[in-house]
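> Structural data only, the sequence is not supplied:
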Ligand SMILES: CC(=O)N[C@H]1[C@@H](OP(=O)(O)OP(=O)(O)OC[C@H]2O[C@@H](n3ccc(=O)[nH]c3=O)[C@H](O)[C@@H]2O)O[C@H](CO)[C@@H](O)[C@@H]1O[C@H](C)C(=O)N[C@@H](C)C(=O)N[C@H](CCC(=O)O)C(=O)O
Ligand SMILES: Nc1ncnc2c1ncn2[C@@H]1O[C@H](COP(=O)(O)OP(=O)(O)OP(=O)(O)O)[C@@H](O)[C@H]1O
């Protein structure tokens with residue numbers, strides 16, 4: 001909460017308020033003094049406006065926030081800061097609701113600091129861990145948050161999984177929301193006494209300043225390949241955005257993957273002054289010890305801040321590896337699938353260890369690690385059933401490749417469908433991928449939406465070389481049950497159910513029916529246990 005006097009002082013300090021505007025404002029205030037007028041919140045979204053809030057109205061890509069003025073006024077907005085002059089009709093509407101207006105043409109450039117000031121720099125009152133990378137942000141952030149929670153910390157998250165305390169995440173629009181939303185969320189986390197915030201930092205967020213004026217305790221980089229070139233233009237510009245986070249933002253610890261070329265570059269370029277500087281320490285992690293391309297490091301750096309994993313073993317139960325840290329080795333086993341998840345886990349472990357938790361306690365906390373819901377999620381063991389949200393040919397290929405590494409002596413079964421009213425070209429391609437990697441293919445419906453599910457299936461089947469060998473069942477629940485029946489009589493087999501991940505509905509003809517792949521699996525196994533028990 002701030003008073004109008006405080007807001008005016010901020011604007012005057014930054015020379016954003018003309019004396020004429022101030023005089024006009026005083027007239028509009030009437031008997032009320034700026035000291036007596038309380039402003040309870042600050043937002044740029046009319047849907048979040050509450051009585052006594054400030055509404056920051058800026059030009060967006062699709063619209064101007066003033067397009068939503070009526071709603072903001074209806075919700076009780078008290079002060080509007082806008083980057084454009086209001087139309088006479090808008091002015092009238094504001095006067096009718098006694099909402100004050102200040103027009104600041106350069107508002108966009110000042111909003112980040114205004115938000116940080118309004119919310120009393122919440123990032124300084126929390127320990128904020130920022131995680132970036134092309135892939136692995138969500139998984140690493142989730143493992144990190146789980147470890148911290150198991151260590152008795154109150155942990156909040158901002159990312160693809162949602163925003164909020166770890167056990168109460170609310171779905172958001174963006175991986176990293178805009179700068180006002182970030183500061184507002186952090187203020188909420190301070191209010192609920194969170195200790196740590198683990199946030200995903202997308203490349204858009206770095207480039208668009210969504211994390212401006214944030215104080216990070218730890219920054220981490222998973223890996224950099226290629227993505228979002230539509231936005232960044234070139235691979236070089238995309239990589240530059242990632243590097244910018246580590247170059248321009250202060251953090252006490254910076255954690256990088258030593259097997260990644262950008263991670264290596266950061267360590268080779270930055271570590272001498274960071275290591276000996278006052279404010280930052282580099283931590284490096286490497287799967288399978290491939291860090292020989294790092295220039296020789298001082299001995300204490302190697303022993304203190306390096307995490308390496310050796311002897312990686314992949315089994316239907318998960319990953320197992322030997323961890324070396326601070327001249328000690330440990331064997332770790334976690335129910336996660338995919339070698340890349342061992343890397344993500346190393347990143348999360350580095351973030352947590354960098355924050356001064358005792359090694360023994362951190363290793364004990366590993367028993368709490370579980371996969372992100374619907375992503376390579378083991379929903380049943382012996383036999384292993386995995387649920388994943390892969391719904392493109394590329395994602396399905398990556399998924400089946402990763403699972404085949406876990407299944408060297410066993411056979412792989414895959415069940416999937418394709419969503420309606422979306423890309424039709426991928427349908428036969430997904431069939432080809434499934435046939436290439438799996439021993440048995442089950443084809444069913446995904447979310448048919450407005451399309452005829454039978455026709456979608458036919459388009460998938462058209463991609464199969466041996467269609468007679470695939471099992472086709474239009475009803476997803478029956479298809480899963482039938483796959484489970486076959487799984488139970490096949491020795492050493494694993495079933496992966498792809499496409500819907502953690503979704504809790506199936507969308508058919510504009511209606512969403514409650515549906516969960518994991519629940520269907522659990523229900524089937526519960527029935528089997530009951531039958532055996534009788
Ligand atoms: C291109 C882009 O970055 N768009 C973002 C931008 O949208 P926009 O400028 O079009 O906003 P707008 O809809 O015109 O609205 C303008 C203003 O009106 C306000 N408004 C809007 C609607 C309303 O009912 N009331 C209201 O007050 C908005 O809060 C905003 O202040 O501002 C919105 C609010 O902050 C963002 O949600 C939106 O992200 C969209 C959804 C998006 O898809 N962004 C992508 C490019 C993105 O940022 N992705 C990254 C990486 C993802 C990853 O790889 O994981 C991310 O971090 O999410
Ligand atoms: N460390 C990694 N290296 C390479 N690939 C990875 C890594 N971690 C995850 N992946 C792959 O990327 C996919 C997305 O993982 P995750 O959601 O953790 O990443 P993300 O960076 O948050 O991506 P997105 O923003 O698209 O969700 C996984 O399903 C897996 O196929």
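Received the coordinates, thanks. Model, not experiment: these values are computed from the prediction. Ligands and ions are numbered 1, 2, ... in the order given.

> And for residue 442, the neighbour number?
23 (other C-beta atoms under 10 Å). The way it works is simple: take the backbone N, C-alpha and C, and place the C-beta from them, glycine included.

> Buried ones in stretch 315-335, by neighbour count?
315-319, 321, 323-325, 332, 334 (16 or more other C-beta atoms under 10 Å).

> I meant to write stretch 238-257 there.
Neighbour-count burial for stretch 238-257 [16+ other C-beta under 10 Å]: 238-243, 245-246, 249, 251-257.

> now stretch 501-518
Of the residues in stretch 501-518, 501-503, 506-508, 515-518 count as buried by neighbour count, 16+ other C-beta under 10 Å.

> taking the residues you listed one by one, which sit in helices?
517-518 (DSSP state H).

> Nearest to ligand 1 among the buried residues of stretch 501-518?
residue 501 (15.3 Å; C-beta to the nearest ligand atom).

> for residue 173, phi and psi?
With angles defined as degrees, to the nearest 10, residue 173 sits at phi -80, psi -40.

> number of nearby residues for it?
9.

> How far off centre is the longest strand anywhere in the chain?
Ranked by residue count under DSSP state E, the longest strand found in the chain is strand 306-315. From the chain centre to the centre of strand 306-315 is a distance of 25 Å (C-alpha atoms, centre = their mean, to the nearest Å).

> swap in stretch 130-145?
Distance, centroid of stretch 130-145 to centroid of chain: 7 Å (C-alpha atoms, centre = their mean).

> is ligand 2 contacted by that stretch?
Yes. Counting by C-beta under 6 Å from any ligand atom, ligand 2 has neighbours in stretch 130-145: 133, 135-139.

> List the ones among the residues you listed that fall in helices.
137-139.

> got a markdown table for these, with neighbour count and pLDDT too?
As requested, these are exported to a markdown table (neighbours: other C-beta atoms under 10 Å; pLDDT from 0 to 100):
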| residue | neighbour count | pLDDT |
| --- | --- | --- |
| 137 | 25 | 96 |
| 138 | 20 | 96 |
| 139 | 27 | 96 |
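
> now those as TSV including distance to residue 466?
Output for these, formatted as TSV (distance: C-beta to C-beta, whole Å):
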residue	distance to residue 466
137	39
138	36
139	35
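
> Identify the residues contacting residue 437.
397, 400-401, 403-404, 412, 414 (C-beta atoms under 8 Å, 6 or more residues apart in numbering).

> Restricted to helices, list the buried residues of stretch 315-335.
Nothing among those maps onto helices, per DSSP H.

> If we ignore the residues flanking it in sequence, what's nearest the residue of the stretch 351-500 of the chain found nearest ligand 2?
With C-beta to the nearest ligand atom as the measure, residue 398 is the residue of the stretch 351-500 of the chain nearest to ligand 2, at 4.6 Å. Once flanking residues are discounted, residue 398 sits nearest to residue 390: 7.2 Å by C-beta to C-beta, 6 or more residues apart in numbering.

> residues making contact with whatever helix or strand the residue of the stretch 351-500 of the chain closest to ligand 2 lives in?
Assigned by DSSP states H and E, residue 398 belongs to helix 393-406. Contact partners of helix 393-406, identified using C-beta under 8 Å, 6+ apart, comprise 314-316, 337-340, 376, 386, 388-390, 412, 414, 416, 426, 429-430, 432-434, 436-438, 494, 496, 498.

> switch the cut-off to 7 Å
314-316, 337-339, 386, 388, 390, 412, 414, 416, 426, 429-430, 433-434, 437-438, 494, 496, 498 (C-beta atoms under 7 Å, 6 or more residues apart in numbering).

> Please name the strands paired to the following helix or strand past it in the sheet, noting orientation.
Sequence order places strand 411-416 as the next helix or strand after helix 393-406, per DSSP H and E. Applying DSSP bridges, strand 411-416 is found paired with strand 440-443 (parallel), strand 493-498 (parallel).

> Need the per-residue pLDDT for the closest residue to residue 311 other than its chain neighbours.
In this structure, residue 311 finds its nearest non-sequential neighbour in residue 322, 4.7 Å apart by C-beta to C-beta, 6+ apart. The per-residue pLDDT reported for residue 322 equals 95.

> show me the contacts for residue 322.
Per C-beta under 7 Å, 6+ apart, neighbours of residue 322: 309-311, 329, 331.

> Enumerate the residues of the protein near ligand 1.
Neighbours of ligand 1 within the chain, by C-beta under 6 Å from any ligand atom: 44-47, 58, 60-63, 65, 68, 160, 173-178, 202, 204-205.
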